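Student: using only what follows, build the 3D model:
(one chain, ligands or ions: 1)
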Amino acid sequence: SATPVKVAVTGAAGQIGYSLLFRIASGELLGKDTPVELRLLEITPALKALEGVVMELDDCAFPTLAGVVIGDDPEEIFADVDGAMLVGAMPRKEGMDRADLLAANGKIFTGQGAALNKVAPKAKVLVTGNPANTNALIAMRNAPDMAPEQFNALTRLDHNRAKSMLAKKLGVSVAEIKDLAIWGNHDDSMYPDLFNTKVNGKAATELVDQTWITEEYIPTVATRGGAIIKARGASSAASAANATIDHMRDWMLGTDEVVSMSVPSDGSYGVPEGIISSFPCRVRGGKWEIVQGLELGDFSRERIMASAARLESERDQVQQLGLI
Ligand code: NAI
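Tutor: Residues are numbered from 1 along each chain as shown. From the prediction side, this is the model:
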């Protein structure tokens, strides 16, 4: 039978992990015909809980699951992986600001970037753990032998939220919406561009008015994470796992759709080179490309630049901390 594809997941005993692992193991990442080996990284105190999750994975008897390896040593877990989903990060605690979070999580990603560089030179690395874009930048910069293209951050959840919310507003199915994309940082400055979005071939901006976009749509997409915490008493987990799978599946297998991916900027559309920012992307043969030639008006450009400025400021902070 085929050689298993090795997929690493960090933070595997966490909330997102609890949804993510079962879906990867059941074949939702690569299809039912591709065996998968899961390589699960956790911090030492969480290994016992992770053993319990592995017992449950066993109890599902998934035909596609070729094996599970768990541990707390990144070099052991990442060895020869084809894909790495870096989900594990420290959650923001009471009284912690974004700078504290950057410092605490930054250290995780210097170590994991260096480990990937050493043992998984071909891996596609997708960072979900927040602040995702800057964590991905840290991992990328600590993996000097890998190509920058191998490092992405997750804005697919924002993309899926934006798509679903527009579909609901217009009373259409999500499948009727094409070319929607999120630009910028995975934070409340992210920008869902409806000007280049098509609904059954028509520009979305012909179907909704500007006031709705500015005053309702953008803020609602941007604060959806908070709304879920308020309602559920815990942050989005199943939808974050779903988006992580969507992104990695499209990256590995390709897609005909335009999708939102946070990727190292090459300077396209004036987004400063080197930061990891969300763009509309196409993926084919395991390689992503930023969609070129889109028209951006002042409204879009202003918001994209404001979000890029956030990313530059985060980059400057982690630079000052010596993490990159
Ligand atoms: P969680 O707190 O339930 O799980 C995180 C897990 O990571 C814990 O089990 C913890 O032990 C582990 N961990 C911490 N440091 C680690 C390290 N150095 N190596 C390996 N594992 C480590 O959190 P949850 O809900 O699963 O979320 C995980 C991350 O994903 C958070 O940073 C969250 O903010 C982020 N997130 C990102 C989204 C996005 O769209 N980009 C959406 C939702 C969540």
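Student: what's the neighbour count on the residue in the stretch 1-150 of the chain positioned nearest to the ligand?
Tutor: Closest contact between the stretch 1-150 of the chain and the ligand, by C-beta to the nearest ligand atom, is at residue 14 (2.0 Å). Backbone N, C-alpha and C define where each C-beta goes, glycine included. For residue 14, the count of nearby residues is 22 (other C-beta atoms under 10 Å).
Student: kindly report the same for the one 10 residues further on.
Tutor: Neighbouring residues of residue 24 were enumerated by other C-beta under 10 Å; the total is 26.
Student: give me the element it is part of.
Tutor: helix 15-25 (DSSP states H and E).
Student: residues making contact with that helix?
Tutor: 7, 9, 11-12, 29, 36, 38, 40, 53, 56-57, 60, 62, 64-65, 85, 87-88, 128, 234-235, 237-238, 240-242, 244-245 (C-beta atoms under 8 Å, 6 or more residues apart in numbering).
Student: please redo it, this time with the cut-off set to 6 Å
Tutor: Helix 15-25 has contacts (C-beta atoms under 6 Å, 6 or more residues apart in numbering) with 7, 11, 36, 57, 62, 65, 87, 237, 238, 240, 241, 245.
Student: what's the offset of it from the middle of its chain?
Tutor: Computed by C-alpha atoms, centre = their mean, to the nearest Å, the chain-centroid distance of helix 15-25 equals 15 Å.
Student: packing partners for the very next helix or strand once past that helix?
Tutor: If you walk from helix 15-25 toward the C-terminus, the next helix or strand you reach (DSSP H and E) is strand 36-41. Using 3 or more C-beta pairs under 6 Å, 6 or more residues apart in numbering; DSSP states H and E, the elements in contact with strand 36-41 are strand 5-10, strand 65-71.
Student: and the ligand, is stretch 26-46 touching that?
Tutor: Yes: using C-beta under 6 Å from any ligand atom, stretch 26-46 comes into contact with the ligand via 41, 42, 43, 46.
Student: show me which residues of that stretch are buried.
Tutor: Buried residues in stretch 26-46, defined by neighbour count with 16 or more other C-beta atoms under 10 Å: 26-30, 34-42, 46.
Student: if we take these, which one ends up nearest to residue 151?
Tutor: residue 41 (17.0 Å; C-beta to C-beta).
Student: mind checking how far that closest one is from residue 267?
Tutor: 34 Å (C-beta to C-beta, to the nearest Å).
Student: what do you get for residue 202?
Tutor: 31 Å.
Student: ok, now residue 58?
Tutor: From residue 58 to residue 267 the distance is 48 Å (C-beta to C-beta).
Student: and the stretch 101-250 of the chain, which residues reach the ligand?
Tutor: 108, 128, 129, 130, 132, 154, 157, 186, 235, 236, 237, 240.
Student: let me have those in a markdown table, adding neighbour count and secondary structure as columns.
Tutor: Formatted as a markdown table, those follow (neighbours: other C-beta atoms under 10 Å; DSSP: H, G, I helix; E, B strand; the rest coil):
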| residue | neighbour count | secondary structure |
| --- | --- | --- |
| 108 | 21 | helix |
| 128 | 29 | coil |
| 129 | 24 | coil |
| 130 | 23 | coil |
| 132 | 26 | helix |
| 154 | 29 | coil |
| 157 | 24 | helix |
| 186 | 29 | coil |
| 235 | 16 | coil |
| 236 | 19 | coil |
| 237 | 17 | coil |
| 240 | 22 | helix |
